[in-house]
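Enquirer: curious how this folds, go ahead:
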Amino acid sequence: MGNHGSNLDDILAEDMHHWYNKFMRESPSGLITLFELKAILGLKGMTEDANSYVDQVFLTFDMDGDGYIDFVEYIAAVSLMLKGEINQKLKWYFKLFDQDGNGKIDRDELETIFSAIQDITRNRETDPEDIVSLIYERIDTKGEGELTLEEFIEGARDHPDIMETLKTLMDLTPVLVIIIEGLQKS
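Expert: Alright, predicted model coming up:
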């Protein structure tokens with residue numbers, strides 16, 4: 001994980017015109033569909049949860065909801081994941097976790113996402129149930145079983161261990177490296 005940052009920073013520091021040309025060679029239409037994203041990532045034979053997670057990531061990056069990721073959305077997403085302010089990242093995480101779009105995240109939504117991430121990254125060091133229990137024990141002070149955006153952000157900021165766990169779990173650098181390397185091969 002350590003050297004991914006400098007690799008991605010170097011890539012993003014390239015001339016934007018050059019970066020745009022790479023994107024257009026991979027996606028001549030200027031748009032990436034969910035199917036194309038999964039092909040770029042080489043994701044086949046995933047569990048249902050992992051598949052759902054990739055769908056959710058795509059929907060989160062597809063900021064205008066048109067079913068495609070265009071160059072601007074793509075660069076914004078990559079930039080956010082690499083250099084975004086912590087509040088921006090926490091809002092993005094929340095949107096990703098809130099699978100049903102009701103403005104709250106519950107235990108099942110969090111567990112599903114964490115399990116899916118582990119299926120994709122093959123990193124199963126921590127049981128998703130344990131992570132979710134810790135988060136709700138510390139952040140869900142009212143005991144409602146769900147978190148609003150405000151509770152989630154405040155709770156993560158007030159508990160450095162939870163913030164670190166989220167950063168580690170949600171590190172999409174390996175996924176971004178696959179995408180970027182895919183674009184460079186074109």
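Enquirer: alpha carbons only for contacts and neighbour counts from here, please
Expert: OK.
Enquirer: how about the strands in the chain?
Expert: 31-32, 69-70, 104-106, 146-148 (DSSP state E).
Enquirer: winner for burial among the ones you listed?
Expert: Ranked by mean neighbour count, the strands of the chain are led by strand 69-70 with a mean of 23 (mean count of other Cα atoms under 10 Å).
Enquirer: what mean pLDDT would you report for that one?
Expert: What strand 69-70 shows for mean pLDDT is 86.
Enquirer: so in that sheet, which strands flank that strand, and in what orientation?
Expert: Applying DSSP bridges to the sheet, strand 69-70 is found paired with strand 31-32 (antiparallel).
Enquirer: what does the strand it pairs with contact?
Expert: 68-71 (Cα atoms under 8 Å, 6 or more residues apart in numbering).
Enquirer: can you give me the helices in this structure?
Expert: Shown for the chain, the helices assigned by DSSP state H span residues 2-13, 16-26, 34-41, 48-61, 71-83, 86-97, 107-121, 128-139, 149-158, 160-169, 173-185.
Enquirer: any low-confidence regions in this structure?
Expert: 1-19, 40-46, 78-84, 120-124, 171-186 (pLDDT under 70).
Enquirer: kindly recompute the last result at 80.
Expert: 1-27, 37-54, 56-57, 74-86, 89, 116-126, 167-186 (pLDDT under 80).
Enquirer: and stretch 36-52, how far apart are its ends?
Expert: 15 Å (Cα to Cα, to the nearest Å).
Enquirer: next one: the residue of the chain positioned farthest from its centre from residue 99, what distance?
Expert: The outermost residue of the chain relative to its centre, with distances by Cα atoms, centre = their mean, is residue 142 at 27.6 Å. Computed as Cα to Cα, the residue 142 to residue 99 distance reads 22 Å.
Enquirer: for stretch 91-104, measure first residue to last.
Expert: Stretch 91-104: ends 12 Å apart by Cα to Cα.
Enquirer: thinking again about what came up before, distance to residue 135 added to the strands of the chain, as a markdown table?
Expert: Listed next are the strands of the chain as a markdown table, based on distance: least, Cα to Cα, whole Å:
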| stretch | distance to residue 135 |
| --- | --- |
| strand 31-32 | 34 |
| strand 69-70 | 31 |
| strand 104-106 | 11 |
| strand 146-148 | 10 |
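Enquirer: need the contacts of strand 31-32 in JSON lines with distance to residue 55, can you?
Expert: Listed next are the contacts of strand 31-32 as JSON lines, based on distance: Cα to Cα, whole Å:
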{"residue": "68", "distance to residue 55": "12"}
{"residue": "69", "distance to residue 55": "12"}
{"residue": "70", "distance to residue 55": "16"}
{"residue": "71", "distance to residue 55": "18"}
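Enquirer: this completes my enquiry, with thanks.
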